[in-house]
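Visitor: generate coordinates for the sequence data below:
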Amino acid sequence: MEERKTKQKNALNKISKKLGKFFSAEELHNKCETEGQNIGIATIYRFLKKEAENENLNVFECEGKKIYSRSENEHSHFTCTNCHKKVHLKTPMKIFKELKKQANFTLEAFQIEIAGLCENCISKQAQ
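Guide: From the prediction side, this is the model:
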């Protein structure tokens, strides 16, 4: 069964493509308002859910919130266990070549959370 193409879906599709690499439902909602589109947040959540189900968006968890991306298939963080500083990381794909040798798989998207001490906290502990 083919989905109906509505003005709201068309607007959401167009506006979501203008956003950065990662965006939240709230950011999409704000951008809609800025562009004069009166679209409720519940409609936006339904749109994002359907786009993810149709594999048009990747969904990640960032600081306890869902974020979405049309262009990125990875999202990785390092979080300091002492000061809680968070750094976004770009994960080298060569890591997955080795993992693929261990368990045959096709990579579609991933998220990695790494925890440890940041350079600043390591320096403070050494003093």
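Visitor: where in the chain is pLDDT low?
Guide: Judged against pLDDT under 70, the low-scoring parts of the chain cover residues 1-4, 107, 109.
Visitor: what ranges do the strands span in it?
Guide: For the chain, applying DSSP state E gives strands covering 58-62, 65-69, 74-80, 86-89, 110-116.
Visitor: and the first one, how far from the chain's centre?
Guide: From the chain centre to the centre of strand 58-62 is a distance of 4 Å (Cα atoms, centre = their mean, to the nearest Å).
Visitor: closest to Glu26 out of the strands of the chain?
Guide: Evaluated over the strands of the chain, closeness to Glu26 peaks at strand 65-69, with 8.5 Å, by Cβ to Cβ. In this view, the C-beta of every residue, glycine as well, is placed from N, C-alpha and C.
Visitor: report all helices and strands that that closest one contacts.
Guide: Helices and strands touching strand 65-69, by 3 or more Cβ pairs under 8 Å, 6 or more residues apart in numbering; DSSP states H and E, are helix 25-34, helix 41-53, strand 58-62.
Visitor: re the thing from before, between the strands of the chain, which gets nearest to Glu51?
Guide: Between Glu51 and the strands of the chain, the shortest separation by Cβ to Cβ is 7.7 Å, and it involves strand 65-69.
Visitor: and the protein, what are its domains?
Guide: Structural domains of the chain, as assigned by automatic domain parsing, span the residue ranges 7-69, 74-126.
Visitor: now the ones you listed as JSON lines including mean neighbour count?
Guide: Shown next, in JSON lines, are the domains of the chain (neighbours: other Cβ atoms under 10 Å):
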{"stretch": "domain 7-69", "mean neighbour count": "15"}
{"stretch": "domain 74-126", "mean neighbour count": "12"}
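Visitor: having no further points to raise, I will conclude here.
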